[in-house]
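# What shape does this take:
(chains A and B)
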Amino acid sequence: QKEVEQDPGPLSVPEGAIVSLNCTYSNSAFQYFMWYRQYSRKGPELLMYTYSSGNKEDGRFTAQVDKSSKYISLFIRDSQPSDSATYLCAMKEWYRDDKIIFGKGTRLHILP
Amino acid sequence: NAGVTQTPKFQVLKTGQSMTLQCAQDMNHNSMYWYRQDPGMGLRLIYYSASEGTTDKGEVPNGYNVSRLNKREFSLRLESAAPSQTSVYFCASSEAGTSASSYEQYFGPGTRLTVT
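So this is what the prediction gives:
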């Protein structure tokens, strides 16, 4: 079983819809959970992070972690064409800067 | 403030040729990383450097060498390129250790390498 699983998509949704992106993981020691956004032919950039369990909201984006189910989600409200990108989840253990595990990324298309 | 810069942006090599990918950061970060990104495989860590003078192997180090020249610069060398090394290479940096912000990595724009 891979440490982090993420559906690669592509996922196409109409503008204005709510988008749900998800990852599952197997390592119960993960404590930092991140979402990176990567535009075509660019490097990834950090979108949101969550420490341990719970929800975190930032504008139209909400990150959710359920450690009991080993499941994390990113919700995008009122999706815009500019949200079209690849979204990568990433996770790490406390103090383990040498081991940040990335999901394969989900390609998202927001249709105008 | 340029963040993380990488050179070159594109490169085509023949099998057996060598080359060095350069990376520099101006954020005074201790940790630097080299990743490769392949379709369907996601980002995979090649090498990691926690500080100047230290390097550690990541998930896919075979065929690569690295050098942490100073705090700013971290280079990746392919001694004898193979078609399996065709990929997009990203350099990243972050604060290290106990800092709460060490989870965040800052990525460069990438180098697109093709080995024929």
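# okay, CA-based contacts and neighbour counts for the rest of this
Fine.
# In chain B, what residue lies closest to chain A?
Nearest to chain A in chain B, going by CA to the nearest CA, is B:Gly42, at a distance of 3.8 Å.
# Which residues are in contact with the closest residue to that residue other than its chain neighbours?
Excluding the flanking residues, the one nearest B:Gly42 by CA to CA, 6 or more residues apart in numbering or on different chains is A:Lys104, at 3.8 Å. A:Lys104 makes contact with A:Glu5, A:Gln6, A:Asp7, A:Pro8, A:Leu88, A:Cys89, B:Gly40, B:Met41, B:Gly42, B:Leu43 under the criterion CA atoms under 8 Å, 6 or more residues apart in numbering or on different chains.
# quick one: pLDDT of the first one?
Each residue has a pLDDT score; the one for A:Glu5 is 94.
# Just to check, it is in contact with A:Gly103?
Yes: the pair formed by A:Glu5 and A:Gly103 meets the contact definition of CA atoms under 8 Å, at 5.9 Å.
# If you count surrounding residues, which of these two has more?
Shown here are A:Glu5 and A:Gly103; by other CA atoms under 10 Å in any protein chain shown, A:Gly103 has more neighbours (27 against 18).
# would you say B:Ser84 is within a helix?
Yes: according to DSSP: H, G, I helix; E, B strand; the rest coil, B:Ser84 belongs to a helix.
# Mind jotting down where the strands sit in the chain?
Reading this off chain A. A:4-5, A:11-14, A:19-25, A:30-38, A:45-51, A:54-58, A:61-66, A:71-76, A:85-93, A:100-102, A:106-111 (DSSP state E).
# um, chain B though
Under DSSP E, chain B gives strands at B:4-7, B:10-13, B:19-25, B:31-38, B:42-51, B:54-57, B:64-68, B:74-78, B:87-94, B:106-107, B:111-115.
# Perfect, that will be all.
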